[in-house]
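Asker: Kindly generate the corresponding structure for this input.
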Amino acid sequence: MRRIPLSRRSHITGFQPLVTGTAEHESALERDFVARTSLLDPAASIISQPVTLRYPDGGTMRRYTPDFLVRGGHHTARLIEVKYRADLRQNWIRYQPAFAAARSWAREQSAVFRVVTERHIRDTVLENAKRLLPLRHAPYDTEVGSILLATIGAQNQPTFRSVLAELPPGGRVGLSVLWRLIARGFVYVDLRAPITQETPLSLP
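Answerer: Take a look at the predicted model:
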């Protein structure tokens, strides 16, 4: 794998801890892609700059390194290039030979190649990721957690509001524990929609 160079905007270059290891990123958009992917599929491995491809471009051999290889979880392996839409529009023709080489390599690996932009990444899932991922490994009161899980399992159509209503008065602890249970995947919500007091809850 190619080492990620120091960025001139060094506050953008960084690392994100995952359940499966650590993912490196070079831009804010790459950082957001990793966060979004990690929230939707915690079991996926996200490998930064996994391969450098050589491909012909006219009479010249060039090199291209895609941003990520995402494996495991619920999807086919995906070779990912993260680009801003403005960059794609400006350089689409120049990028085509590299993207063709990436598609060919992905097919050989039983994977698919995808180019993703801020339109795919910066959505409601990402907003939920910003709130939930910091809580994924935060400690919580397991006794309150057991009560919440039992309440969700017993109710016909549980929501944030209906579940918390069954806790003793002053249920702020219950609310914080519920957020942690969602972050850990012990309670399921639709991560593609805003999470509100009326959000339906279910057990995996």
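Asker: Could I get the buried residue list for stretch 45-57?
Answerer: 45-51, 53, 55 (16 or more other CB atoms under 10 Å). Yep, even glycine has a C-beta here, placed from its N, CA and C like the rest.
Asker: Same check on stretch 175-190?
Answerer: Neighbour-count burial for stretch 175-190 flags 175, 177-184, 186-187, 189 (criterion: 16+ other CB under 10 Å).
Asker: May I see the domains of this protein written out as residue ranges?
Answerer: Here the domain parsing of the chain from automatic domain parsing is 14-122, 129-184.
Asker: From Ala193, how far off is the most centrally placed residue in the chain?
Answerer: Taking CA atoms, centre = their mean, the centroid of the chain lies closest to Thr37, which sits 1.7 Å from it. Distance of Thr37 to Ala193, computed by CB to CB, to the nearest Å: 18 Å.
Asker: got it, and Phe68?
Answerer: Distance from Phe68 to Ala193, counting by CB to CB: 26 Å.
Asker: the more surrounded of those two?
Answerer: Phe68 (25 against 12; other CB atoms under 10 Å).
Asker: Look up how far Ile93 lies from that one.
Answerer: Relative to Ile93, Phe68 is positioned 24 Å away (CB to CB).
Asker: same question, Arg107
Answerer: 23 Å.
Asker: more crowded one of the two?
Answerer: Using other CB under 10 Å, the more surrounded residue of Arg107 and Ile93 is Arg107, with 12 against 7.
Asker: Using just helix, strand and coil, how would you label the more buried one?
Answerer: Using DSSP: H, G, I helix; E, B strand; the rest coil, the structure places Arg107 in helix.
Asker: Pipe the domains of the chain into CSV and attach mean pLDDT and distance to Leu201 per row.
Answerer: Shown next, in CSV, are the domains of the chain (pLDDT from 0 to 100; distance: least, CB to CB, whole Å):
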stretch, mean pLDDT, distance to Leu201
domain 14-122, 89, 17
domain 129-184, 91, 5
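Asker: Dump those to JSON lines, plus distance to Leu203.
Answerer: Compiled in JSON lines, these are given as follows (distance: least, CB to CB, whole Å):
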{"stretch": "domain 14-122", "distance to Leu203": "16"}
{"stretch": "domain 129-184", "distance to Leu203": "6"}
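Asker: Of all the ones you listed, which one comes closest to Pro200?
Answerer: Each of the domains of the chain has some distance to Pro200 by CB to CB; the shortest is domain 129-184, at 5.8 Å.
Asker: Start and end of the closest one, how far apart?
Answerer: For domain 129-184, the first-to-last residue distance is 12 Å (CA to CA, to the nearest Å).
Asker: Sweet, I'm off.
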